[in-house]
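1. from the sequence below, what's the structure:
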Amino acid sequence: MQGRLVLEDGTTFPGISRGAGGEAWGEVIFNTSMTGYQEIITDPSYCGQILVMTFPLIGNYGINYEDLESRRPFLRGFVAREFCLTPSNWRSVMSVTDYLKENNIVALDNIDTRALTRHIRKNGSMRGIITSEDTPCGDLLEKLQNAPHISEIDFLAEVTTPEIYTLENSGPHIVIMDLGLRLSIARSLHNTGCRITVVPASLNAQDIIELKPDGLVLSGGPGDPRTAKNAIKTVEKLAGKLPLLGIGLGHQVIALALGGKTYKLKFGHRGANHPVKDLLRDKVYITSQNHGFAVDEESLPAGVSVTQKNLNDGTIEGLMEKNLKIITTQYHPGTFPGPTDSHHLFGLFLELLKSV
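-> Modelled structure (predicted):
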């Protein structure tokens, strides 16, 4: 079945429909990872987006149930140069295309993803419609012009956990506010010996205090951090009362709560090989990233120091506020597959807990 990806500037990329039939709109972005497509598809941070993979072949090792990063995929559409329809791996239970169909995700392949990626890099991320239907292009463009921008949508209610759950252990009690949590982050903290309680993004500061945590983690997640109003308010009330760790969206939320500002990147950072300089340890890490917003360094208040920077464009990758016992990281230190250079950040957070 034929399909199309239509961008809001009128550019159209024809392809073959491989996922669910139908139509979906979202922000069109790209990821440069060469592997890990299953974790990427199930990363809640892609909620509201149509994801383009730059690696040409996707799906050669299929899908398994052990490496999912969330309860279901939240992205709006998925695009590749070619999907492997006959995966080969002893853990595989289905193909990527079958998984996308099962979860009602519209997908296309046989698209010139190199040309599409170059177009996004030049012009920036933009709204698009992915469709297997024969709707006239003019009608699709009209829909896009009436569609909201990503900064106008609060995605947290869609991606957050609907109820509190716990991963038992004998160590410090860590509460994770689920803003779009990748499960590998929770597993990494749990593997350090911590008892983990994951809570919805709607929980307020008093609710969290009543759980008697030793520390609070704000997870990664989708969208403009300024829409995470409850999380920002919660950090404002808990800063200085609990050690805080912010990851991804959580990093941006903490910056906003402390008085900083954020801004939208032209096409974001999404891939598994982004170099980051640790200014405190004088080391460079290769990191896994997925974000479309960044913290404005000039807006940071006194007391908040920049600890890490992206070596590609100089954007902030980590913050610290010693007096309030806060550390943050823009990238994902505990995700798989991917580099493990920065797993020590969990150890730094545990040291903060001990110092209270």
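
2. ok, T11 touching H119?
-> Yes. Between T11 and H119 there is a contact under CB atoms under 8 Å: 6.2 Å. C-beta: built from backbone N, CA, C; applies to glycine.

3. for G240, give its distance to A205.
-> 12 Å (CB to CB, to the nearest Å).

4. please apply the same query to H251.
-> H251 sits 19 Å away from A205, going by CB to CB.

5. now do T42
-> Plainly put, T42 is 30 Å away from A205 if you go by CB to CB.

6. more crowded one of these two?
-> Legend: neighbour count by other CB atoms under 10 Å for T42 and A205, higher for T42 (22 against 18).

7. distance of the more buried one from Q49?
-> Remark: distance between T42 and Q49 (CB to CB) = 13 Å.

8. before we move on, what about L238?
-> The spacing between L238 and Q49, counted by CB to CB, is 30 Å.

9. quick one: which of the two has more around it?
-> Neighbours of L238 and Q49, each counted by other CB under 10 Å, are more numerous for Q49; the result is 27 against 22.

10. which ones are touching that one?
-> Q49 sits next to G26, E27, V28, I29, L75, R76, G77, I150, P222 when contact means CB atoms under 8 Å, 6 or more residues apart in numbering.

11. which elements pack onto the helix or strand the third one falls within?
-> Read that as V28. According to DSSP states H and E, V28 maps onto strand 23-31. Secondary-structure packing of strand 23-31 (3 or more CB pairs under 8 Å, 6 or more residues apart in numbering; DSSP states H and E): strand 49-53, helix 113-123, strand 126-131, strand 261-278, strand 283-296.

12. tell me which of those is the most buried.
-> strand 49-53 (a mean of 26; mean count of other CB atoms under 10 Å).

13. that one: partners in the sheet, and parallel or antiparallel?
-> Sheet pairing for strand 49-53, assigned by DSSP bridges, gives strand 23-31 (parallel), strand 77-79 (parallel).

14. any chance you could map the helices in the stretch 51-200 of the chain?
-> All helices of the stretch 51-200 of the chain, identified by DSSP state H, counting those that start in this stretch, fall at 96-102, 113-123, 137-146, 156-159, 183-191.

15. could you list the domains of this protein?
-> According to automatic domain parsing, the chain is divided into the following domains: 2-147, 156-354.

16. show me what the lowest-mean-pLDDT helix or strand in the chain is in contact with.
-> Between all helices and strands in the chain, the lowest mean by mean pLDDT, DSSP states H and E belongs to helix 344-354, at a mean of 86. Surrounding helix 344-354, the residues in contact under the criterion CB under 8 Å, 6+ apart are 172, 188-189, 192, 194, 214-215, 217, 243, 245, 325, 327, 329, 333-334.

17. on that earlier part again, mean pLDDT for the strands paired with strand 49-53 - can I get that in a markdown table?
-> Listed next are the strands paired with strand 49-53 as a markdown table, based on pLDDT from 0 to 100:
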| stretch | mean pLDDT |
| --- | --- |
| strand 23-31 | 98 |
| strand 77-79 | 98 |
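
18. let me see the ranges of the helices in the stretch 201-350 of the chain.
-> With helices called from DSSP H, counting those that start in this stretch, the stretch 201-350 of the chain shows them at 205-209, 229-238, 249-257, 344-354.

19. between helix 249-257 and the second one, find me the angle.
-> So that's helix 229-238. 60 degrees (axes from the mean of the first three to the mean of the last three CA atoms, to 10 degrees).

20. chain center to helix 229-238, what's the gap?
-> Helix 229-238 has its C-alpha centroid displaced from the chain centroid by 20 Å (CA atoms, centre = their mean, to the nearest Å).

21. for that helix, packing partners?
-> Where contact means 3+ CB pairs under 8 Å, 6+ apart, helix 229-238 is packed against helix 205-209, strand 215-218, helix 249-257.

22. between these, which one is nearest to G3?
-> When the helices and strands packed on helix 229-238 are compared by CB to CB, helix 249-257 sits nearest G3, at 30.9 Å.

23. which residues are contacting stretch 146-160?
-> 25, 27, 44, 47-49, 70, 74, 127, 178-181, 200-202, 221-224, 226-228, 231, 264, 292.

24. now do stretch 187-200
-> Contacts to stretch 187-200, defined as CB under 8 Å, 6+ apart, come from residues 160-178, 181, 186, 207-208, 211, 213, 217, 333-334, 343, 346-347, 350.

25. which residue lies farthest from the center of the chain?
-> P136 (32.9 Å; CA atoms, centre = their mean).
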